[in-house]
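>>> The amino acid sequence is not available; the structure is as follows:
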């Protein structure tokens, strides 16, 4: 009986997410045509942050996912590049519920998706092919006081691995914006929507316990190259993350 209840709660949480996201984005479609649509990013980011926080609360109450926040005793300051490892599908939603005035980088195809894209576009999330123009655009947003959430692995961590090789894009953006890089370390059970596992498949154990730690911060240092920063972050993460089973 407990397992039946857990299955129902898990699917209910995802149904709320999907239906709520669809309603939100359909409602946002006409707003994209409004003359001042580009000026409403901060309001939409607050809306998304509130919605992600409510979804996180729903998963906690229903016993689907419990999150332990470690080291978050002081408010987070915007204008930083927040990076994290990426073990599960829900990492971005958990972090965007917490981070101050945060944007993230989407694949262009997702921004064109009518079930996801309208709210993301209104929130000022960035989509594009990695390159100089993308770095310049995102760095300008950070310099203006927004936060950036980046998963340097580029995709969810491969099953059985503690960490995928990190890409240097976050370090290039931070260097151009002269912004600090704040690491958020995520430890999650292997069965919680990892890469290659569909979201409808129930994790082996519920509630799934996720631990998110406010880890080291690297202040801007013009003498340190993006490649050096990337390698330093990767070494730190590999030394601090537990080994993962397939």
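Here it is on my side, so go on. Please read all numbers here as calculations on a predicted model, not as lab measurements. Residues are numbered from 1 along each chain as shown.
>>> Packing partners of the one helix or strand residue 51 maps to?
Assigned by DSSP states H and E, residue 51 belongs to helix 41-61. Counting contacts by 3 or more Cβ pairs under 8 Å, 6 or more residues apart in numbering; DSSP states H and E, helix 41-61 packs against helix 2-28, strand 65-70, helix 91-96, strand 102-106, helix 117-122. (C-beta placed from N, C-alpha, C; glycine too.)
>>> give the contact list for residue 199.
Counting by Cβ atoms under 8 Å, 6 or more residues apart in numbering, residue 199 touches 14, 89, 193.
>>> Kindly reformat the residues you listed as CSV containing pLDDT, distance to residue 210 and neighbour count.
Formatted as CSV, the contacts of residue 199 follow (pLDDT from 0 to 100; distance: Cβ to Cβ, whole Å; neighbours: other Cβ atoms under 10 Å):
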residue, pLDDT, distance to residue 210, neighbour count
14, 93, 16, 17
89, 93, 12, 15
193, 92, 11, 21
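>>> Please name whichever of the helices and strands packed on helix 41-61 is nearest to residue 49.
helix 91-96 (6.2 Å; Cβ to Cβ).
>>> what residues does that closest one touch?
Counting by Cβ under 8 Å, 6+ apart, 48-49, 52, 55-56, 67, 82, 84, 102, 104, 149, 151, 184, 186, 188, 210, 212 sit against helix 91-96.
>>> and with 7 Å instead?
The contact list for helix 91-96 (Cβ atoms under 7 Å, 6 or more residues apart in numbering) reads 48-49, 52, 55-56, 67, 84, 102, 104, 149, 151, 184, 186, 210, 212.
>>> quick one: the helix holding residue 51 to strand 102-106, angle?
Using axes from the mean of the first three to the mean of the last three Cα atoms, to 10 degrees, the inter-axis angle of helix 41-61 relative to strand 102-106 is 90 degrees.
>>> Quick check: residue 52 touching residue 102?
No. Using Cβ atoms under 7 Å, residue 52 is not in contact with residue 102; the gap is 10.3 Å.
>>> who has more neighbours, the two?
residue 102 (23 against 20; other Cβ atoms under 10 Å).
>>> What's opposite the more buried one in the beta bridge?
residue 147 (DSSP bridges).
>>> Can you name the residues that contact it?
Per Cβ under 7 Å, 6+ apart, neighbours of residue 102: 45, 82, 96, 147-149.
>>> In those residues, find the pair that's most separated.
Farthest pair in the contacts of residue 102, by Cβ to Cβ: 45 and 82, 13.8 Å.
>>> Those two: which is more packed in?
Higher neighbour count among residue 45 and residue 82: residue 82, with 26 against 23, using other Cβ under 10 Å.
>>> any idea how far residue 5 is from the more buried one?
Relative to residue 5, residue 82 is positioned 35 Å away (Cβ to Cβ, to the nearest Å).
>>> which SSE is the closest residue in space to residue 67 that isn't next to it in sequence in?
The shortest distance from residue 67 to any non-neighbouring residue, by Cβ to Cβ, 6 or more residues apart in numbering, is to residue 210 (4.9 Å). In this structure, residue 210 is located in strand 208-218 according to DSSP H and E.
>>> Going by contacts, tell me the helices and strands next to that strand.
The contact analysis (3 or more Cβ pairs under 7 Å, 6 or more residues apart in numbering; DSSP states H and E) places strand 208-218 against strand 65-70, strand 181-187.
>>> Go through that strand and flag the buried ones.
Applying a neighbour-count criterion of 16 or more other Cβ atoms under 10 Å, one finds 208, 210, 212-215, 218 buried in strand 208-218.
>>> min pLDDT across these, which one?
The lowest pLDDT within these belongs to residue 208, which sits at 93.
>>> Run through the bridge partners of it.
Per DSSP bridges, the residues bridged to residue 208 are residue 65.
>>> Please name the residues that touch it.
Residues near residue 208 by Cβ under 7 Å, 6+ apart: 65, 189, 192.
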